[in-house]
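**Q** quick one: sequence plus predicted model below, questions after.
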Amino acid sequence: MTILVAYVPRPEGKAALEKGIEIAGRRKEHLVVVNASPGGGKEDPSMADVQDVERVEKLLATSGIDATFKQFVRGKGPVEEIEEMVESLQVTLLIIGLRKRTAVGKLFLGSVAQEILLSVPCPVLAVKAG
């Protein structure tokens, strides 16, 4: 049994991480935290930097739960990475963070959260920051 957290280094990612630790501890399930980006020539704000990775790994190590952090930059988008992990790890719950967006922002930029909600076969818990 595995709980998967889709992590980004923003308040909504931190909220998802905290909720994942709480639920994994309560349900005594393995927690996998993933941070993914297709990579490329430009800086991706959804990728955790070295300091943030160390902070997440330390938080997981001191949480008292069985947890793993994975970071991928291998040409696949975050939705594709999450879909593959949900299938391969037999995920029982996926936790994602949400942020407020304007209607125009949703129209032009799309919504990773919406894509995930519509594509994965497991239950999804959407967590708001703050």
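**A** Good, I have the coordinates. As the structure is a prediction and not an experimental result, all values here were calculated from the model.
**Q** which residue ranges of this protein form strands?
**A** Assigned strands in the chain, in chain order: 2-6, 30-37, 67-73, 91-98, 124-128 (criterion: DSSP state E).
**Q** hey, which of the ones you listed is tucked in deepest?
**A** Compared across those, strand 2-6 shows the largest average neighbour count, a mean of 26 (mean count of other Cβ atoms under 10 Å). Every C-beta, even on glycine, is put in place using the N, C-alpha and C of the backbone.
**Q** so Gly75 touches Pro38, yeah?
**A** Yes. Gly75 sits in contact with Pro38 when judged by Cβ atoms under 8 Å, with a separation of 5.5 Å.
**Q** more crowded one of the two?
**A** Between Gly75 and Pro38, counted using other Cβ atoms under 10 Å, Pro38 has the larger neighbour count: 14 against 11.
**Q** would you mind giving the strands of the chain as TSV with mean pLDDT and distance to Glu80 added?
**A** Shown next, in TSV, are those (pLDDT from 0 to 100; distance: least, Cβ to Cβ, whole Å):
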stretch	mean pLDDT	distance to Glu80
strand 2-6	97	12
strand 30-37	93	8
strand 67-73	92	10
strand 91-98	95	14
strand 124-128	93	16
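**Q** with adjacent residues omitted, what lies nearest to Pro123?
**A** Computed as Cβ to Cβ, 6 or more residues apart in numbering, the closest residue to Pro123 that is not its neighbour in sequence is Leu93, at 5.4 Å.
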